[in-house]
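Q: quick one: sequence plus predicted model below, questions after.
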Amino acid sequence: MAVVELGPEHCDALVRFFAGLPEGDLTFIKEDVTDPETVRSWTQGAAAGGRWVAVEGTGGEGGDSTEVTGYVAVRPLPGWSDHVGEVRLVVAPSHRGSGLGRELARRALTEAVGAGLSKLVVEVVAEQGSALALFTELGFTGEALLTDHIRDRTGQLRDLMVLAHHVDRTWSGMDTVGVADELSSTPPLR
């Protein structure tokens with residue numbers, strides 16, 4: 001398995017990945033990932049860069065033999081928050097608990113810091129204890145609890161946690177998780 005920058009050759013596999021996610025997972029993804037054109041647009045123009053996929057397989061012609069098992073993105077916020085990047089992460093149910101989520105989150109963190117972002121945020125549904133633990137281990141801390149902030153596909157209201165990683169404040173802790181070593185070998189976001 002490898003974590004690589006999302007390119008046009010991964011689009012079909014990424015569309016299949018999103019189509020295979022449980023209905024409950026789709027509730028918490030902001031974009032309409034069930035629309036193949038949305039996914040394809042991520043490799044073009046201003047949307048390109050800042051997205052990575054975990055892939056298995058040979059990635060032959062058109063990527064048909066490639067399987068995407070995880071996706072992570074760092075989307076810089078616009079305007080006066082352009083120093084902040086939002087992390088979006090999803091792992092195939094069959095690969096959860098394998099360390100893949102941590103690997104993808106570390107990639108996002110190292111790429112964002114290398115690109116000069118000084119703060120990262122991630123939104124996590126409050127009941128997702130493993131996701132909260134994953135980001136906390138990487139130096140993210142709770143910044144807000146938004147009560148009844150999202151509605152799942154069954155109509156049930158859920159609390160949303162906003163976690164933040166302040167690069168300057170947590171730099172010393174980054175050595176602990178091995179992020180500093182990765183910065184020198186990681187190309188910047190586009």
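A: Everything's here; your move. Numbering: from 1, shown residues only.
Q: state which helix of the chain is the longest.
A: Among all segments of the chain classified by DSSP state H, the helix with the greatest residue count is helix 100-114.
Q: first to last residue in stretch 119-134, what's the distance?
A: Using C-alpha to C-alpha, to the nearest Å, the end-to-end distance of stretch 119-134 comes out at 17 Å.
Q: any idea of the mean pLDDT for stretch 15-28?
A: Mean pLDDT, taken over the full extent of stretch 15-28, equals 85.
Q: what's the first helix or strand after the longest helix of the chain?
A: Along the chain past helix 100-114, the next helix or strand (assigned with DSSP states H and E) turns out to be strand 119-125.
Q: neighbouring strands of that next one in the sheet, and parallel or not?
A: With DSSP bridges as the test, strand 119-125 is paired with strand 84-91 (parallel), strand 157-166 (antiparallel).
Q: okay, those, which one's buried deepest?
A: Neighbour counts (mean count of other C-beta atoms under 10 Å) averaged over each of the strands paired with strand 119-125 peak at strand 84-91, with a mean of 22. C-beta here means a position set from N, CA and C on the backbone, and glycine is covered the same way.
Q: hmm, who's touching that strand?
A: Strand 84-91 is contacted from outside by 21, 25, 29-30, 50, 54, 69-77, 100-101, 104-105, 108-109, 112, 115, 117-123, 131, using C-beta atoms under 8 Å, 6 or more residues apart in numbering.
Q: now do it against helix 100-114, angle only.
A: In this structure, strand 84-91 runs at an angle of 160 degrees to helix 100-114, with axes from the mean of the first three to the mean of the last three C-alpha atoms, to 10 degrees as the basis.
Q: for strand 84-91, give the mean pLDDT please.
A: The average pLDDT for strand 84-91 rounds to 94.
Q: ok, now stretch 163-178?
A: 71.
Q: and what of stretch 42-53?
A: What stretch 42-53 shows for mean pLDDT is 84.
Q: show me how far that stretch is from its chain's centre.
A: How far stretch 42-53 lies from its chain's middle: 12 Å, per C-alpha atoms, centre = their mean, to the nearest Å.
Q: could you do stretch 115-130 as well?
A: 9 Å.
Q: report the buried residues of that stretch.
A: When neighbours are counted by 16 or more other C-beta atoms under 10 Å, the buried residues of stretch 115-130 are found to be 115, 117, 119, 120, 121, 122, 123, 124, 125, 126.
Q: so residue 101 makes contact with residue 132?
A: No - checked against C-beta atoms under 8 Å, the pair residue 101 and residue 132 is beyond contact range at 11.7 Å.
Q: between the two, tell me which one has more neighbours.
A: Set residue 101 next to residue 132 and count neighbours by other C-beta atoms under 10 Å: residue 101 wins out with 21 against 18.
Q: how about that one: what's its closest non-neighbour residue?
A: Computed as C-beta to C-beta, 6 or more residues apart in numbering, the closest residue to residue 101 that is not its neighbour in sequence is residue 91, at 4.7 Å.
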